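**Q** okay, sequence plus prediction incoming.
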Amino acid sequence: MRERRGDTPADPRAGRLGDGRPTVPDDAVALPVEDWLDLHAFRPQEVAEVVAAYIEVAREAGFAEVRIVHGRGHGVLRETVRRVLARSPRVLGFSDAPPERGGWGATVVRLA
């Protein structure tokens, strides 16, 4: 999402508009929405916001099911992902992915 003309950031260092929407740099690249999201590229403190936004976009794109790859590790990201999913009205249910799709290192999500 790009800033609309007339929108001004509340605090330019915060990277958010006055209404809380994030700003997007002019050189940002739009990526296609796929039926899976790999969280390895994100910092742990970003995961909740990224997952919530992804669920909205995936639902708008018409996906009935998506897979979120969080890795096996100590289970911290897995718990963060599942906490977000449990609170989302867009989610009908979720479970560990089958072994061939990542096992307990990924979560399969059924969307409303």
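**A** The structure has been received and is ready for your questions. Computed from a predicted model, the values in this text were never measured in an experiment. Numbers count the residues shown, from 1 in each chain.

**Q** can you give me the strands in this structure?
**A** Per DSSP state E, the chain carries strands over the ranges 9-11, 16-17, 36-38, 65-69, 91-96, 106-111.

**Q** TSV for these, including mean neighbour count, distance to R59 and mean pLDDT?
**A** In this view, the C-beta of every residue, glycine as well, is placed from N, C-alpha and C. Output for the strands of the chain, formatted as TSV (neighbours: other Cβ atoms under 10 Å; distance: least, Cβ to Cβ, whole Å; pLDDT from 0 to 100):
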stretch	mean neighbour count	distance to R59	mean pLDDT
strand 9-11	12	28	42
strand 16-17	16	23	54
strand 36-38	18	13	97
strand 65-69	20	9	98
strand 91-96	14	9	98
strand 106-111	21	5	98
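
**Q** quick one: those strands as CSV, columns for distance to E56 too.
**A** Supplementary listing: the strands of the chain in CSV, determined by distance: least, Cβ to Cβ, whole Å:
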stretch, distance to E56
strand 9-11, 22
strand 16-17, 17
strand 36-38, 12
strand 65-69, 11
strand 91-96, 11
strand 106-111, 10
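
**Q** for those, which one sits closest to E49?
**A** strand 16-17 (11.5 Å; Cβ to Cβ).

**Q** OK, contacts around W36?
**A** By Cβ atoms under 8 Å, 6 or more residues apart in numbering, the contact set of W36 is 66-69.

**Q** now with 10 Å, please.
**A** Taking Cβ atoms under 10 Å, 6 or more residues apart in numbering, we find W36 in contact with 54, 58, 63, 65-69, 97, 101-102, 106, 108.

**Q** so what's the gap between the lengthiest helix in the chain and the chain middle?
**A** Assignment by DSSP state H gives helix 47-60 as the longest helix of the chain. Computed by Cα atoms, centre = their mean, to the nearest Å, the separation of helix 47-60 from the middle of its chain amounts to 4 Å.

**Q** next one: stretch 83-98
**A** 12 Å.
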